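Participant: The sequence isn't on hand, but the structure is:
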């Protein structure tokens, strides 16, 4: 149908959409055209690697390896990578690339009963993007403070120091009365933290300005969709590796470095018999790769139909794991050096979370030759690692809005770039509480209940919906139609049995060993725990709501409604409706994926 002349500008924008999304009524007299795709295969791989490889590779994996048996931890880690991580990543790539829609519409077509899972993953990514970006504002603060003649976190003679409790060096775990100068810089200069979440305090205007700056970076990285992200990731996804290798080469030449590396890799075989070590390994694999956030489905939805997602899943998984191991060598070679300088055991210096990169490592940097150079390189690397991950989480929300309300939004905003701008502004506003003086407490609370509690529920329900209800045979046929061959027995077995059981075991273990969120020695009040669970429910509540809505709108008895609700709305067996592999722009795509409702 011909578009009206006065709507020609809107029509030109709508050409970027691949098909009419599930449940959306297009504006009359408009034609929805082909969905945009990555300019090249490397862009998709780099974007996926950039999203998967983040700050957790630098601060969480090395510490988990250290506390879970050193080199012995690699056995459960690699086992979980091959049995759960790679198969689930391959599964999400397959769903996104085959259906060419974001997680909400893709999962709704696969299993209407669990269509809320896709929306829950979008909400989870959206919430995650509002607070996780705060870490980049911290990194920028350190970066801008790295250009002085003296690094400001190295002495106790500053206005923010509590001098009587300050030490110029790292401390033994037995010394609870003193704080290192780097810890006081983080607590009293960067954060200016209050005594608890009850005390919001005032704005940290410097962090507020850096937060605006980071969101500007994010916006210009994704404002053109895959067209801009695909170009930016050539820089943001590759430069951190140059920095990591440079730091490693420098660190291994420092005295005591080998002691730290040996501590990092020496196996403690008895740890392999502890269930929690295997749970740590599985949780680290899923969190690091980014399963159940919806991002991998979103990015794969912009692939051409016959892109080799099997190869991509292997490449992304291996690079992600390699980065974690590389970061472990970098961090522990530096910790060994600090152990040598301060005559302390390595286990008195190693720590987890932000403390590793904002307290311990700044102390390491201050003692190195050319410390300004290494400090600038290190904190620039942290910013780039965070940006790539932020691109992915924000893009999930943007993709959902385009798929669900694309024609309507274009009717009012006229340009897709404005939609991305609106999403970034909303995320920025919601993230403002984290740059107050009490922001570290809200940050830790949201991270605990969003990235830990919600994620495991979503991962379990997603893999059950796709592998058990939709079915491994249909998944295998989807892969065969895209790649020309059926997935081997290994992947089919993982999808059918191992992935669901492993994710279930992680979830059960997390519930049994549940502990409330904490920040250092600070224990959150009971009302804050309730707030944390409400944060979890913001995403999870859409799963039962979606199931109830689906059952309500169907006709017939309860069993008939249920049967309709678990029946997919795509026909993966109709190979004659699929686009030819040589011509991925075939309009038959639209015919195949149009909603049957």
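Facilitator: Okay, I see it. Note that the structure is predicted; figures quoted are calculated from it, not measured.

Participant: C-alpha only now, for contacts and for neighbours.
Facilitator: OK.

Participant: does the residue nearest to residue 555 when sequence neighbours are not counted sit in a helix, a strand or a coil?
Facilitator: Nearest residue to residue 555 in three dimensions, chain neighbours excluded: residue 561, at 5.9 Å (C-alpha to C-alpha, 6 or more residues apart in numbering). Of the three states, residue 561 takes helix under DSSP: H, G, I helix; E, B strand; the rest coil.

Participant: List the contacts of residue 561.
Facilitator: The contact partners of residue 561, by C-alpha atoms under 8 Å, 6 or more residues apart in numbering, come to 551-552, 554-555.

Participant: Filter those down to the buried ones, PyMOL style.
Facilitator: To isolate the buried members of these in PyMOL, using 16 or more other C-alpha atoms under 10 Å:
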select buried, resi 551
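
Participant: and of the contacts of residue 561, the nearest to residue 443?
Facilitator: residue 551 (37.3 Å; C-alpha to C-alpha).

Participant: Could you check the pLDDT of the closest one?
Facilitator: For residue 551, the pLDDT comes out at 94.

Participant: which strands and helices sit next to the helix or strand where it lies?
Facilitator: In this assignment (DSSP states H and E), residue 551 forms part of helix 542-553. Applying 3 or more C-alpha pairs under 8 Å, 6 or more residues apart in numbering; DSSP states H and E, one finds that helix 542-553 contacts helix 115-132, helix 558-565.

Participant: Name the residues of it that are buried.
Facilitator: 542-543, 546-547, 550-551.

Participant: residue ranges with poor pLDDT in the protein?
Facilitator: Applying pLDDT under 70 to the chain flags residues 1-34, 163, 169-177, 350-353, 573-597.

Participant: can you give me the strands in it?
Facilitator: Ranges of strands in the chain, per DSSP state E, are 166-167, 179-180, 518-519, 522-523.

Participant: Of all the ones you listed, which one comes closest to residue 39?
Facilitator: Of all those, strand 518-519 sits nearest to residue 39, with 43.8 Å by C-alpha to C-alpha.

Participant: Can you give the strand pairings for the closest one, parallel or anti for each?
Facilitator: Sheet partners assigned to strand 518-519 using DSSP bridges are listed as strand 522-523 (antiparallel).

Participant: Residues contacting the partner strand, please?
Facilitator: The contact list for strand 522-523 (C-alpha under 8 Å, 6+ apart) reads 196, 517.

Participant: Could you give the separation of that strand from the chain centroid?
Facilitator: How far strand 522-523 lies from its chain's middle: 26 Å, per C-alpha atoms, centre = their mean, to the nearest Å.

Participant: And stretch 252-271, by the same measure?
Facilitator: The chain centroid and the centroid of stretch 252-271 are separated by 29 Å, computed with C-alpha atoms, centre = their mean.

Participant: What of stretch 446-456?
Facilitator: What separates the centre of stretch 446-456 from the centre of its chain is 12 Å, taken as C-alpha atoms, centre = their mean.

Participant: That stretch: end-to-end distance?
Facilitator: End-to-end distance for stretch 446-456, by C-alpha to C-alpha, to the nearest Å: 15 Å.

Participant: returning to what we had before: mean neighbour count, the strands of the chain: which tops it?
Facilitator: Counting by mean count of other C-alpha atoms under 10 Å, strand 179-180 has the highest mean neighbour count of the strands of the chain, with a mean of 22.

Participant: What is that one packed up against?
Facilitator: Strand 179-180 makes packing contacts with strand 166-167 when contacts are defined by 3+ C-alpha pairs under 8 Å, 6+ apart.

Participant: and the longest helix for this protein?
Facilitator: helix 371-413 (DSSP state H).

Participant: Phi and psi next, for residue 268.
Facilitator: Here is the backbone geometry of residue 268 (degrees, to the nearest 10): phi -110, psi 90.

Participant: related to what we said a few turns ago, nearest to residue 278, of the strands of the chain?
Facilitator: Among those, the nearest to residue 278 by C-alpha to C-alpha is strand 518-519 (23.0 Å).

Participant: what comes up buried for stretch 503-519?
Facilitator: Quick answer for stretch 503-519 (16+ other C-alpha under 10 Å): 503-507, 510, 517.

Participant: cool, and stretch 303-313?
Facilitator: Going by neighbour count (16+ other C-alpha under 10 Å), the buried part of stretch 303-313 is 303-310, 312-313.

Participant: ok, so of these, who is nearest residue 402?
Facilitator: So of those, ranked by how close each gets to residue 402 (C-alpha to C-alpha), first place is residue 303, at 16.4 Å.

Participant: can you state the direction angle for the helix holding residue 551 and helix 558-565?
Facilitator: Going by axes from the mean of the first three to the mean of the last three C-alpha atoms, to 10 degrees, helix 542-553 is angled at 120 degrees with respect to helix 558-565.

Participant: Tell me how far helix 542-553 lies from the chain's centre.
Facilitator: Put simply, helix 542-553 sits 27 Å off its chain's centre (C-alpha atoms, centre = their mean).

Participant: would you turn the buried residues of helix 542-553 into a markdown table with distance to residue 142?
Facilitator: Output for these, formatted as a markdown table (distance: C-alpha to C-alpha, whole Å):
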| residue | distance to residue 142 |
| --- | --- |
| 542 | 39 |
| 543 | 41 |
| 546 | 44 |
| 547 | 47 |
| 550 | 50 |
| 551 | 53 |
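
Participant: Mind picking the two most distant members of the residues you listed?
Facilitator: Of all the pairs that the buried residues of helix 542-553 form, the one spanning the most space (C-alpha to C-alpha) is 542 and 551, at 14.0 Å.

Participant: Tell me which residues touch residue 485, please.
Facilitator: Each residue near residue 485 by C-alpha under 8 Å, 6+ apart is listed here: residue 479.
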